[in-house]
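>>> how does the following fold in three dimensions:
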Amino acid sequence: MDSIVSDHSLVERLELSWPVEQWQGLTVLVAVSGGADSVAMACALSVLAGRGKADLVLAHFDHQWREESAGDAHFVEKLAGQLGCKHVKGQAGQQGFQNEQEARQQRYAFLLEMARSEGARFVVTAHTADDQVETILDRILRGTGLRGLSGIPRTRVLDEGIVLLRPLLCCHKAELKEYLDELGQEWCEDESNLDTDFTRNRIRHQLVPLLKSEFQPSVEESLLNLAELAGQTQQFLQSHAGQLAERAVTVARDDQQQKVTIDLSALASVPPLLVREMLVEIWCQLDWPRQAMGMRQWNQLLEMIQDETTPSSQTFPGNVRVTRDEKKSGGQLKLTRRLENIETKD
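Sure thing, here's the model as predicted:
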């Protein structure tokens, strides 16, 4: 089995995506559900870890959604032993289905906690190109902008010195299953992934096949190219929005609240698109909730900056209070959020 693992093209692609030199000698926390994608990633990473003298820790979080979930946890523990890796596990505080947002928060809170305790510099998850396609379609259907079209980011900072990485975004699920078949390596099947009551599953099992068969066989490649271009454009906007924020935004915090002051005179003649991106960046940097901040809310906020006839005081999702002070020279927009409204970051 080792020779097959070492020589397989998937291992080579993974190393191209994430060169061993970038993590040699370090501890890496590998999120493993027991499904084909994460099992294949764990197997391939174990080969590269051997080359780079890195330590892998397989981490499994049991949401307790299904009766079979305990079996999945046992499978991952056994896989860790097979690969010669340390194993850690956690589980949801209550049995039964949580909504997807709650589940995600619990899962990432667990992964961050384990990364801290194990001294891991990286947390890796097995998101694939197929997941990227589904995410983009889901966001288009729900309504999105450039940030949403750019899809799942390859990296994200979880905490100081800890980076979340998704090295398999260049690979498709079929490739991973082919790799496991060649290894003779089993994986766990989650039957809930076939349940078309969930929007994500309908996209995977109905919409994508329909688009490929009836409209465009290469639709997945087209969407991935769109995501790449959107991501590049988003990075450009973020860079300029950051420069704008340095000139126009002041952030303060005390024991009771976070306060943001925007100098409206610094925004004169700045294109609305860039101002709106600056506002989104403020929300991101302060970790204010953006789930309920749709285009209508962002435009309302933009109007408070650009149109003096709009109400001078409004409350936005997450209890962010926004007031326009026209008495100051050039005008100011003040955003305030009490700390009691701020939830722990996932």
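>>> so how many other residues sit close to Thr323?
Counted by other C-beta atoms under 10 Å, the residues lying close to Thr323 total 15. No exception for glycine: its C-beta is placed from N, CA and C like everyone else's.
>>> now it: phi and psi?
Dihedral angles of Thr323 (phi, psi; degrees, to the nearest 10) stand at phi -130, psi 150.
>>> any idea how far it is from Ala292?
20 Å (C-beta to C-beta, to the nearest Å).
>>> one more: Trp65?
From Trp65 to Ala292 the distance is 25 Å (C-beta to C-beta).
>>> equivalent analysis for Glu191, please.
Remark: distance between Glu191 and Ala292 (C-beta to C-beta) = 32 Å.
>>> cool, and Val249?
Taken as C-beta to C-beta, the span from Val249 to Ala292 is 22 Å.
>>> who are the contact partners of the closest residue to His60 other than its chain neighbours?
In space, and not counting its chain neighbours, His60 is closest to Val76: 4.1 Å by C-beta to C-beta, 6 or more residues apart in numbering. Counting by C-beta atoms under 8 Å, 6 or more residues apart in numbering, Val76 touches 32-34, 58, 60, 87, 89.
>>> in strands, which of those residues appear?
58, 60, 87, 89 (DSSP state E).
>>> what helices and strands are in contact with the strand or helix carrying Ala42?
For Ala42, the enclosing helix or strand under DSSP states H and E is helix 36-52. Counting contacts by 3 or more C-beta pairs under 8 Å, 6 or more residues apart in numbering; DSSP states H and E, helix 36-52 packs against helix 2-7, helix 9-17, strand 27-31, strand 55-62, helix 69-83, helix 173-183.
>>> tell me the mean pLDDT for it?
The pLDDT scores in helix 36-52 average 95.
>>> pull out the buried positions in that helix.
36-50, 52 (16 or more other C-beta atoms under 10 Å).
>>> got it, and stretch 301-317?
So for stretch 301-317, counting by 16+ other C-beta under 10 Å, buried means 301-302, 304-305, 314, 316.
>>> need the max-distance pair from the residues you listed.
For those, the maximum inter-member distance is 13.2 Å, found between Ile305 and Phe316 (C-beta to C-beta).
>>> quote the end-to-end distance of stretch 240-255.
Using C-alpha to C-alpha, to the nearest Å, the end-to-end distance of stretch 240-255 comes out at 31 Å.
>>> what is the mean pLDDT for it?
93.
>>> so which of Trp65 and Ala292 has more stuff around it?
With neighbours defined as other C-beta under 10 Å, Trp65 and Ala292 compare such that Trp65 has more, 15 against 9.
>>> so the more buried one lies in a helix, does it not?
No: using DSSP: H, G, I helix; E, B strand; the rest coil, the assignment for Trp65 is coil, not a helix.
>>> tell me how far it lies from Asp195.
Separation of Trp65 from Asp195 (C-beta to C-beta): 11 Å.
>>> show me what counts as buried in the longest helix along the chain.
Taking DSSP state H as the assignment, the helix of the chain that covers the most residues is helix 219-248. The neighbour-count check on helix 219-248 (16+ other C-beta under 10 Å) flags 219-220, 223-224, 226-227, 230-231, 234, 237-238, 240-241, 244-245, 248 as buried.
>>> tell me what it is packed against?
helix 129-142, helix 146-149, helix 208-214, strand 257-263, helix 272-286.
>>> Arg166: which of these is closest?
Nearest of the helices and strands packed on helix 219-248 (C-beta to C-beta): helix 129-142, 8.7 Å.
>>> hang on, the earlier thing: distance of the residue nearest to His60 from His87?
Val76 is 7 Å from His87, by C-beta to C-beta.
>>> joint contacts of those two?
Shared contacts of Val76 and His87, counting by C-beta under 8 Å, 6+ apart, come down to 58, 60.
>>> which stretches of the stretch 51-200 of the chain have low pLDDT?
Filtered on pLDDT under 70, the stretch 51-200 of the chain yields the residue ranges 66, 94-99.
>>> if we can go back for a sec, of the contacts of Val76, which pair is most distant in space?
Of all pairs in these, the most separated under C-beta to C-beta is Ser33 and His87 at 13.4 Å.
>>> which one of those two has more residues nearby?
Per other C-beta under 10 Å, whichever of Ser33 and His87 has more neighbours is Ser33, with 24 against 18.
>>> about what we covered before: just put the helices and strands packed on helix 219-248 in a markdown table and tack on distance to Thr27.
Converted to a markdown table, the helices and strands packed on helix 219-248 look like this (distance: least, C-beta to C-beta, whole Å):
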| stretch | distance to Thr27 |
| --- | --- |
| helix 129-142 | 25 |
| helix 146-149 | 32 |
| helix 208-214 | 36 |
| strand 257-263 | 34 |
| helix 272-286 | 28 |
